[in-house]
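**Q** Sequence plus predicted model, see below.
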Amino acid sequence: MTRTHRTRSHRSKKKRITLALAPVAALAVIVPLMNQAGAATPSEVTADCAADSDKLENCEFVDVQFKANSLGPNQRVSAVTDNCGSTTGTSNTFSVSTSVTRTIQLEDGFTAGADTKLGNSFFEIGVKFNTSTINITRDDKTTTLQFSRTDTVQPDSIGFFMWSAKRTDVSGFLRATYKEAQDGQKVFFAPSEGAATVHVFYPQILNNGTPDGRLWLRNVKCGTPEANGIKNSTKSLRAEPGFGEGGGNVTDVEIPLSEIPAS
């Protein structure tokens with residue numbers, strides 16, 4: 001009976017030791033999680049930079065790589081002239097209008113004003129990429145291209161002008177410095193240090209002051225899905241294929257910008 005009593009006592013002591021260690025292990029798991037919770041996340045960094053938050057000492061764009069002469073979206077920049085049913089071409093005067101401005105592409109997308117910390121950083125980076133061969137718009141001012149031109153719309157076709165702006169695409173990341181340390185750290189990145197996922201598009205400008213880009217007259221055969229889609233989307237935005245990418249029913253003729261007078 002004495003041996004049986006000693007065995008039970010030994011097992012009970014083991015249980016007490018295990019229970020005593022359990023809260024310590026749980027505490028060790030909680031502490032790191034609490035430390036991480038106070039750090040600024042990439043989305044918070046982006047939001048604070050976009051709002052020019054008072055919590056920030058500074059917010060800047062750090063460039064990692066760039067690509068000059070990057071073409072922007074394909075845009076329809078004139079009204080559509082309808083020459084459907086006709087067996088001859090028709091001469092038409094097109095009024096063309098478009099504009100370019102510096103744009104910023106973030107995970108949520110926003111425009112940084114020139115009077116903000118981040119806006120000033122974008123301007124300074126723009127100065128770096130403004131060269132004797134490529135003149136770019138560094139601030140958020142708009143540059144326009146407006147002109148009238150007479151061209152021929154092909155028989156049984158619709159005709160209109162298309163445009164794609166040339167831009168210098170600078171990509172990198174945001175670096176935010178907070179006034180007060182968070183978990184002993186004041187500098188945070190969005191989305192991460194060394195990333196090239198934040199894009200700033202600086203429009204390129206010709207010597208005469210007008211935007212640089214590709215301009216072309218597009219003719220589309222009537223009665224085709226392409227023509228019907230364009231005619232039905234007169235009052236709405238529509239994604240258009242690029243130059244020479246419209247298919248067999250579409251004819252594109254590029255117009256040299258040297259033929260276009262300054263606005």
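**A** Nice, thanks for sending it over.

**Q** how about the strands of the chain, start to end?
**A** Using DSSP state E, the strands of the chain run over 56-71, 75-76, 81-82, 90-100, 103-105, 135-136, 143-153, 157-182, 185-190, 198-205, 213-221, 250-254.

**Q** least reliable of the ones you listed going by mean pLDDT?
**A** When the strands of the chain are compared on average pLDDT, strand 103-105 comes out lowest at a mean of 88.

**Q** List the buried residues in that one.
**A** For strand 103-105, burial by neighbour count (16 or more other Cβ atoms under 10 Å) applies to residue 104. Backbone N, C-alpha and C define where each C-beta goes, glycine included.

**Q** Note down every partner strand of it and its orientation.
**A** Each strand that strand 103-105 pairs with, and the sense of that pairing, follows from DSSP bridges: strand 198-205 (antiparallel).

**Q** circling back to that earlier point, how about the strands of the chain, which one is nearest residue 40?
**A** Among the strands of the chain, strand 185-190 comes nearest to residue 40, with 4.3 Å by Cβ to Cβ.

**Q** mind listing what that closest one pairs with, with the direction of each?
**A** For strand 185-190, the paired strands and their directions (DSSP bridges) read strand 157-182 (antiparallel).

**Q** could you check the angle strand 213-221 makes with the partner strand?
**A** Relative orientation of strand 157-182 versus strand 213-221 (axes from the mean of the first three to the mean of the last three Cα atoms, to 10 degrees): 140 degrees.

**Q** now strand 157-182, how far from the chain's geometric center?
**A** Between the centre of strand 157-182 and the centre of its host chain there is 4 Å, according to Cα atoms, centre = their mean, to the nearest Å.

**Q** sorry, back to before: can you lay out the strands of the chain as CSV showing distance to residue 231?
**A** CSV is the format used below for the strands of the chain (distance: least, Cβ to Cβ, whole Å):
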stretch, distance to residue 231
strand 56-71, 26
strand 75-76, 12
strand 81-82, 8
strand 90-100, 16
strand 103-105, 30
strand 135-136, 37
strand 143-153, 14
strand 157-182, 7
strand 185-190, 44
strand 198-205, 30
strand 213-221, 9
strand 250-254, 14
